[in-house]
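S.K.: What shape does this take:
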Amino acid sequence: MYPKPNPTFFLVIIFAVVLSFKKLAAQEKPLTINWNNTLAVSKTIPTLQVVYNPMLRANSPIHKASFEALKNISADYVRYVPWFPYPKAAVAELKAPTATETFWDFQYADPALTDFMEATKGHPPVINFSTIPVWMFKTAKPVVYPTDPDLPFWEYNQGKELRDSTGKEVAGYFARVFSWYTKGGFTDELGKFHKSGHHYKFPYWEVLNEPDLEHRMSPQLYTRIYDAVVLELKKISPETKFVGISVALETDPQWFEYFLNPVNHKPGVPLDGISYHFYGRPASLDQQIDSYQYSFFDQANGFLDRVRYIENIRKRLSPNTFTHINEIGTILQNRDYKGVIPDGYWNLSGAMFAYLYVELSKIGIEVAGESQLVGYPTQFPDVTMINWKTGKPNARYWVLKLIKDNFGPGDKLVPANSNHPDVVAQAFITAGGKKLLLINKTNKTINLKLPVMQGATLQTVDVNTGDNPIANAEVKPGAFMVKPFAVTVIKIKE
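M.R.: Got it, this is the predicted structure:
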């Protein structure tokens, strides 16, 4: 006896076959572009940040290559941050002045800043000497930092209450640092002039970094410090514009509601610009790269919703204030990550930046800054744009260069649809012609059907290019293969 056929089983098979045919049919739909419908006109400048660490010192094996990479990218509004884990380079006055002596010392701060200014010559930078000398805070005992300038000291930022609650002492410190680099020197607390010979132009100055984490400031304290610093620096350089807030976590609306309300500032304090940060992270410690992609892009979409919310606050309270999102990146665990970083991770991180660049352009954000030029073990190795072992730029760098060389303010964004759920397509009408940006959000090769693009050329960064420069090719007719985590720009021949 044979068993009777099960009708339900056959129905399931038929349903699965129908779904498969539907999926194949969907993949056969060609990519579409509507060149006659402008979604937005971009204001967004793609750029990066440079955070001081010992790998940027002259004795580092990757010093020369790192600054050459910075020079070659030719970006505007590069953010430079001497950061608190290296107090000797980040703080120019590590001891409080006495009745007879001051302790100003720029020997560790000067060389890297000089190299930075040379590498970005001709492009306006954003300078952020972000660290307040810890002796200006009330602490249980003096903070003792390492004598070795290259040894990170993550406990430097202690204290939550300033010993001078008005912020004038902090403002005086930053005014002298600013004058050291822009006016050839400064007069110290005891009336002695310190000559630097520096006469740089600082068109943008950002006041502190991540105050919500560093010293755990309230919006009220931060705003008081901002006002005091800005009023002092404007006396020295009236043309300089100032960037405020700079929070790590943009999830607390009170920062934006308080700071962007002009009534909370002293007369004469401008609200030129604000900044904040975003890093995608794995959802759990046991995730692998095939899962990172979902966490990173899901979190990016959540971040974009918060950007739109913040933009509503900004437009309501201070519509002429610009926005710099000047730290965009991905972090696998912590600053001292020791796990194996798969090669494709750099492409995935670059793809996420490219995606955020597109979406931030639609929203109207002025600056999208990738973080950071150089990282390495103990200094967020997963955030680097330079291979700390070889000095070669990695895929994150090449994606930024690809975006920067092809897109920028004034571009018209027009609708494009890849007709594939895992490939982002965005078309642009640029000064250099019509271009199509494709971003593969997944760790798999995807076949697309492109419309006829006779004579089109492409530039791409994908898992095959690795630490090598952007690949160039002609667009051939037929199925178009988008490599895993690829970011591709197609220039369409007119």
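S.K.: where exactly do the helices run in this structure?
M.R.: When assigned using DSSP state H, the helices of the chain occupy the ranges 7-27, 63-73, 87-90, 109-119, 168-182, 219-236, 253-259, 289-317, 343-363, 395-406.
S.K.: closest one to residue 483 among those?
M.R.: Taking CB to CB as the criterion, helix 343-363 is the member of the helices of the chain that comes nearest to residue 483, at 8.6 Å. Glycine gets a C-beta too; all of them are placed from N, C-alpha and C.
S.K.: so that closest one versus helix 395-406, what angle?
M.R.: Between helix 343-363 and helix 395-406, the angle formed by their directions is 30 degrees, by axes from the mean of the first three to the mean of the last three CA atoms, to 10 degrees.
S.K.: Helix 289-317 and helix 343-363, what's the angle between them?
M.R.: Using the same axes, to 10 degrees, the interaxial angle of helix 343-363 with respect to helix 289-317 works out to 20 degrees.
S.K.: Kindly export helix 343-363 (C-alpha atoms) in CSV.
M.R.: As requested, the backbone C-alpha atoms of helix 343-363 are provided in CSV (Å, rounded to 0.1, in the frame of the first residue of the first chain):
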residue,chain,number,x,y,z
ASP,A,343,38.8,42.4,6.2
GLY,A,344,35.1,43.0,5.1
TYR,A,345,34.4,45.0,8.3
TRP,A,346,36.2,48.0,6.8
ASN,A,347,34.0,47.9,3.8
LEU,A,348,30.9,47.5,5.8
SER,A,349,31.8,50.5,8.0
GLY,A,350,32.5,52.5,4.9
ALA,A,351,29.2,51.5,3.3
MET,A,352,27.4,52.6,6.4
PHE,A,353,29.1,56.0,6.2
ALA,A,354,28.2,56.3,2.5
TYR,A,355,24.5,55.5,3.4
LEU,A,356,24.5,58.1,6.2
TYR,A,357,26.0,60.7,3.8
VAL,A,358,23.1,60.2,1.4
GLU,A,359,20.5,60.5,4.1
LEU,A,360,22.1,63.4,5.8
SER,A,361,22.2,65.2,2.5
LYS,A,362,18.5,64.8,2.1
ILE,A,363,18.0,66.2,5.6
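S.K.: And that helix, what's buried?
M.R.: Of the residues in helix 343-363, those scored as buried under the neighbour-count criterion (16 or more other CB atoms under 10 Å) are 344-361, 363.
S.K.: can you check stretch 98-106 too?
M.R.: Under 16+ other CB under 10 Å, the buried positions of stretch 98-106 are 102, 104, 106.
S.K.: can you check stretch 376-394 too?
M.R.: Residues of stretch 376-394 classed as buried: 376, 378-388, 391-394 (neighbour count, 16+ other CB under 10 Å).
S.K.: ok, now stretch 254-272?
M.R.: Of the residues in stretch 254-272, 255-256, 258-260, 264-265, 269-272 count as buried by neighbour count, 16+ other CB under 10 Å.
S.K.: likewise stretch 420-427?
M.R.: Using 16+ other CB under 10 Å as the burial criterion, the residues of stretch 420-427 that qualify are 420, 423-427.
S.K.: go on, stretch 110-118?
M.R.: By neighbour count with 16+ other CB under 10 Å, stretch 110-118 contains the buried residues 110-113, 115-117.
S.K.: now swap in stretch 282-302 and tell me
M.R.: Residues 282, 289, 292-293, 295-297, 299-300 are the ones in stretch 282-302 that count as buried (16+ other CB under 10 Å).
S.K.: Stretch 55-63 now?
M.R.: 55-57, 60, 62-63.
S.K.: Kindly check the end-to-end length of it for me.
M.R.: The separation between the terminal residues of stretch 55-63, taken as CA to CA, to the nearest Å, is 6 Å.
S.K.: do stretch 312-332 as well
M.R.: Chord length of stretch 312-332, first to last residue, is 31 Å (CA to CA).
S.K.: so how far is it from its chain's centroid?
M.R.: Using CA atoms, centre = their mean, to the nearest Å, the distance from the centre of stretch 312-332 to the centre of the chain it belongs to is 12 Å.
S.K.: in that stretch, what counts as buried?
M.R.: Across stretch 312-332, burial judged by 16+ other CB under 10 Å covers 313-314, 317-318, 321-332.
S.K.: Just the mean pLDDT for it, thanks.
M.R.: This predicted structure assigns stretch 312-332 an average pLDDT of 98.
S.K.: Same question for stretch 359-376.
M.R.: Across stretch 359-376, the average pLDDT comes to 98.
S.K.: cool, and stretch 263-272?
M.R.: When pLDDT is averaged along stretch 263-272, the result is 98.
S.K.: Can you give me the end-to-end span of it?
M.R.: By CA to CA, the extent of stretch 263-272 from end to end equals 15 Å.
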